[in-house]
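1. show me the folded form of this:
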Amino acid sequence: MSLITDAQQNILHVGNSFTTITGYGADEVLGRNCRMLQGPGTDRAVVATISATLWAGDAFEGDILNYRKDGSPFWNGLKVTPLRGPADEITHFVSTQSDINTRRAFQDTLRFQALHDVVTDLPNRRYLEQHLARERADLHAGVTAIGLININEFRRINEQVGLRGGDELLRALGRRFRNLAGEGVFVASMKADEFAVVIDDLGSPRDSANIDDQLEEVLRRLHEAVERPFQVLGQSVSVSISMGVAFCPLESDDILNCLGNAEAALKAAQRCRHDPQRWWYVAPPVSETGTQAITIFSTPLETQAERALQNQRFEAHRWRLFNGGLSMYMQPVINLRTGDLSRVEALARLILVDGTVVGPDQFLPLLDDAGHDDLFRLGLDEALGCLARWDREGLSTRVSVNLPPSTLYDSNCTGWVKSALERHNINPSRLSLELLETESAKSAVQIAAINDLRTLGVELALDDLGSGHATLKRLSELPFDTIKLDRGLFASLNNRPLETLSMLATLTQMGRDFKVDVVAEGLEDARLAEAAVMLGVPLGQGYFLARPMPASSIPDWVAAYEFPLSAGRVTTALGALAYHWKYLRWGSPHSLPLSACPLTDFMQRHTPQTSRVTALHEQQHEPFNAPSTNGQQLQEWLIELVQDHVTAVV
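-> Presented below is the predicted three-dimensional model:
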């Protein structure tokens with residue numbers, strides 16, 4: 001039961017679910033008419049149908065567009081039942097409400113899962129084919145290359161480390177490919193031991209020398225993924241790869257033929273897999289109107305002496321990490337509604353003897369499970385020590401620390417956390433442990449450890465949501481308090497801004513439905529941060545808001561910090577698009593008066609008052625109950641601004 005009204009539909013009682021969905025507290029709505037939830041986009045015909053049905057004494061069940069306290073629209077699955085008195089007169093109405101944006105969130109998330117490999121969390125073959133189809137439609141002048149990468153002797157590796165270790169290796173290799181490939185390279189997982197890359201827009205087919213250079217550079221970066229060993233279940237595993245590359249003819253949409261050419265090139269490369277300088281092969285173009293034959297020579301791999309020096313450097317880094325070199329840098333997490341500090345995330349850094357700061361990507365791959373356990377214990381102790389020191393300085397906040405899933409296998413895990421909290425006299429509720437979505441935490445031992453930590457009072461966060469798999473299942477089974485949205489969600493922002501906004505809004509909605517905090521990571525510029533604010537994301541983290549900093553700098557930073565954004569002001573094209581889209585997606589006019597609309601000032605700074613676009617915006621403040629082509633035209637104009645990288649921060 002969400003709501004009870006009298007016969008005139010004045011609100012007498014609201015349940016907790018009503019507050020959760022709408023943002024209104026009971027004291028704000030008691031005595032008011034329930035029509036207060038309606039707005040400019042609410043369909044008058046639906047309202048009339050509800051009234052006619054109820055006054056006829058029948059129950060109503062259907063969907064209506066309502067508005068939250070913050071002005072954002074949501075689709076309400078409404079069921080209203082009249083109650084009758086002794087004389088058969090209607091005395092009250094009882095209604096239940098459900099935010100059916102959830103249904104859309106589930107559909108979008110399930111669609112995401114259907115397009116990604118369950119082991120590596122990379123796009124799967126179906127997603128690859130969709131990507132190729134889009135790129136062949138969009139890129140009419142640039143050359144596209146497809147590469148297939150196979151792990152040599154993967155069966156032997158599976159025999160060495162087992163199936164679980166093989167899966168761990170695939171995940172680690174997939175992450176390295178994705179991190180090293182660079183912008184404009186699409187990485188996918190085809191099957192157990194095979195990956196695919198699509199290298200878009202290599203240049204004009206008439207400039208084969210430039211294509212040579214660009215392709216060679218991408219392949220060099222990809223090979224870096226296997227130039228140092230992997231730590232898998234306590235074992236050091238070296239991997240070699242073979243790769244076949246084919247070019248997509250410009251005049252052809254035959255995706256399967258492109259993949260077939262890449263497979264043939266891969267087989268040619270595999271025949272030379274024992275020659276490290278011939279690890280890849282490029283199939284000659286087959287189109288008479290496409291590129292000419294491109295001859296590329298693979299760059300020599302590092303010599304054994306160079307590799308030995310590199311391994312010595314890795315070992316020196318590992319030793320330094322656990323012998324006085326670890327420092328926990330702190331990155332603030334900001335409440336995007338108030339601009340206040342919500343918490344900080346503790347991030348491991350390695351400080352070399354000469355003062356050089358080394359990022360985690362340079363030392364985390366060197367660690368086995370035992371090393372990750374030791375790093376967690378040291379980092380946790382230092383992070384909680386920082387909280388205690390800040391308390392003495394008059395600053396009280398919370399801290400989150402990354403928890404490796406492998407650490408959950410250790411029966412002492414909860415004891416480590418409890419001892420550290422007691423040692424620094426920190427309340428458990430001020431500590432959040434972040435568990436990566438891309439890592440596995442499925443065993444009974446791990447789940448029991450998670451439940452023990454929650455019993456202790458520690459909060460639990462699901463990190464990098466959107467980069468992994470089984471999200472809904474894990475959210476429903478494990479007691480998470482916070483979900484953190486993966487920065488990779490913004491990777492296609494410039495090419496597909498609407499899809500990016502939709503994913504951001506959907507995952508934020510999912511957090512609201514699961515009653516957990518939502519943090520958008522990777523807010524590296526004003527565009528992303530403003531879009532997150534406009535879509536109602538509660539918390540944000542990223543370089544635009546604050547960079548990671550030494551823990552000693554946090555108190556002075558807090559004292560001087562000024563939040564650079566406002567929900568009532570739009571300064572970037574992406575922020576403007578997000579604001580308009582959140583209404584258009586539900587078929588709603590803008591809820592504020594034209595003079596108070598955040599888009600009004602933005603439009604005045606970008607277009608003449610007499611322009612067609614200004615008129616389109618003004619029409620968004622007129623009531624309408626049908627899809628608006630004017631709204632679509634305004635959206636297309638804003639998309640063009642986003643894709644042209646137009647921002648106007650003033």
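
2. burial of residue 42, as a residue count?
-> Using other CB atoms under 10 Å, residue 42 has 21 neighbouring residues. Yep, even glycine has a C-beta here, placed from its N, CA and C like the rest.

3. same thing with residue 194?
-> 17.

4. show me the contacts for the nearest residue to it once chain neighbours are set aside.
-> Leaving out its chain neighbours, the residue that sits closest to residue 194 by CB to CB, 6 or more residues apart in numbering is residue 150, at 5.2 Å. Residues near residue 150 by CB atoms under 8 Å, 6 or more residues apart in numbering: 193, 194, 241, 242, 243, 266, 270.

5. farthest-separated two in these?
-> Pairwise distances across the contacts of residue 150 (CB to CB) peak at 12.7 Å, for the pair 193 and 243.

6. can you tell me the closest non-neighbouring residue to residue 267?
-> Sequence neighbours aside, residue 244 is the residue nearest to residue 267 in space, at 7.0 Å (criterion: CB to CB, 6+ apart).

7. please tell me how far the one you found sits from residue 224.
-> Separation of residue 244 from residue 224 (CB to CB, to the nearest Å): 19 Å.

8. and these two? Which one has more around it.
-> Set residue 244 next to residue 224 and count neighbours by other CB under 10 Å: residue 244 wins out with 23 against 13.

9. hmm, that one is touching residue 145, no?
-> No: in this structure residue 244 lies outside contact range of residue 145 using CB atoms under 8 Å: 10.6 Å.

10. how does this structure divide into domains?
-> Annotated domains of the chain cover 3-99, 114-301, 307-560, 573-643 [automatic domain parsing].

11. next, the distance between the ends of the last one.
-> Looking back up the chat, that one is domain 573-643. One end of domain 573-643 sits 9 Å from the other (CA to CA, to the nearest Å).

12. how far off centre is it?
-> Relative to its chain's centre, domain 573-643 lies at 26 Å (CA atoms, centre = their mean, to the nearest Å).

13. likewise for stretch 507-514?
-> The answer for stretch 507-514 is 13 Å, by CA atoms, centre = their mean.

14. got it, and stretch 312-322?
-> Taking CA atoms, centre = their mean, one finds stretch 312-322 lying 32 Å from the centre of the chain it belongs to.

15. about what we covered before: in helices only, show me the contacts of residue 150.
-> With helices taken from DSSP state H, the overlap with the contacts of residue 150 comprises 266, 270.

16. which of the contacts of residue 150 lies closest to residue 355?
-> Nearest to residue 355, judged by CB to CB, of the contacts of residue 150 is residue 241 at 36.8 Å.

17. and the gap between that closest one and residue 548?
-> Residue 241 sits 33 Å away from residue 548, going by CB to CB.

18. swap in residue 618?
-> For residue 618 relative to residue 548 (CB to CB), the value is 44 Å.

19. same deal with residue 317?
-> 19 Å.

20. so between these two, which is more surrounded?
-> Set residue 317 next to residue 548 and count neighbours by other CB under 10 Å: residue 548 wins out with 19 against 16.

21. my read: that one touches residue 347, true?
-> Yes: counting by CB under 8 Å, residue 347 is a contact partner of residue 548 at 5.2 Å.

22. shared neighbours of those two, anything?
-> Common neighbours of residue 548 and residue 347 (criterion: CB under 8 Å, 6+ apart): 329, 330, 331.

23. specify which member of those is nearest to residue 133.
-> Comparing the shared contacts of residue 548 and residue 347 against residue 133 with CB to CB places residue 331 closest, at 38.7 Å.

24. pretty sure the closest one is in a strand, no?
-> Yes: counting by DSSP: H, G, I helix; E, B strand; the rest coil, residue 331 falls inside a strand.

25. okay, now it: neighbour count?
-> Neighbours around residue 331, by other CB under 10 Å: 20.

26. so who does the residue nearest to it when sequence neighbours are not counted touch?
-> Nearest residue to residue 331 in three dimensions, chain neighbours excluded: residue 548, at 4.2 Å (CB to CB, 6+ apart). Taking CB under 8 Å, 6+ apart, we find residue 548 in contact with 329, 330, 331, 347, 349.

27. right, I'll call it a day here.
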